[in-house]
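Participant: Structure, please.
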Amino acid sequence: MPTTTKVSIKIFNALGEMISELVNKNYIAGNYEIDFNGSAGLSSGVYFYRIEAGEFVQTRKMVLLDKESII
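Facilitator: Predicted structure coming up:
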């Protein structure tokens, strides 16, 4: 992030229901990594994550696979 700003990262299911809020706080300028472990109660499937940082807003799709789904 180029400037200090409030950051929000949320996970949604395919129905648009919020599943988890990973981040909701102010960050100073810099680079960050956020870990997300979906093995705690989420099933395999399509989810969406939404990042809001200042005026930047982006929603992306992600696919979560549990260990039994991988061949």
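
Participant: Please make it C-alpha for all contacts and neighbour counts, starting now.
Facilitator: Noted.

Participant: where along this protein do the strands fall?
Facilitator: All strands of the chain, identified by DSSP state E, fall at 5-12, 18-27, 45-53, 56-64.

Participant: Which residues does the third one contact?
Facilitator: With CA atoms under 8 Å, 6 or more residues apart in numbering as the contact definition, strand 45-53 has outside contacts at 5-14, 57-65.

Participant: Render the CA-only coordinates of it in CSV, please.
Facilitator: Extracted in CSV, the C-alpha atoms of strand 45-53 (Å, rounded to 0.1, in the frame of the first residue of the first chain):
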residue,chain,number,x,y,z
GLY,A,45,-16.2,-24.9,-3.3
VAL,A,46,-16.2,-21.5,-4.9
TYR,A,47,-15.8,-18.5,-2.6
PHE,A,48,-15.1,-14.8,-3.1
TYR,A,49,-12.8,-12.4,-1.3
ARG,A,50,-13.3,-8.7,-1.3
ILE,A,51,-10.5,-6.2,-0.5
GLU,A,52,-11.2,-2.6,0.3
ALA,A,53,-8.2,-0.3,0.9
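
Participant: Pull up the pairing partners for that strand, direction included.
Facilitator: Sheet pairing of strand 45-53 (DSSP bridges) gives strand 5-12 (antiparallel), strand 56-64 (antiparallel).

Participant: Sweet, I'm off.
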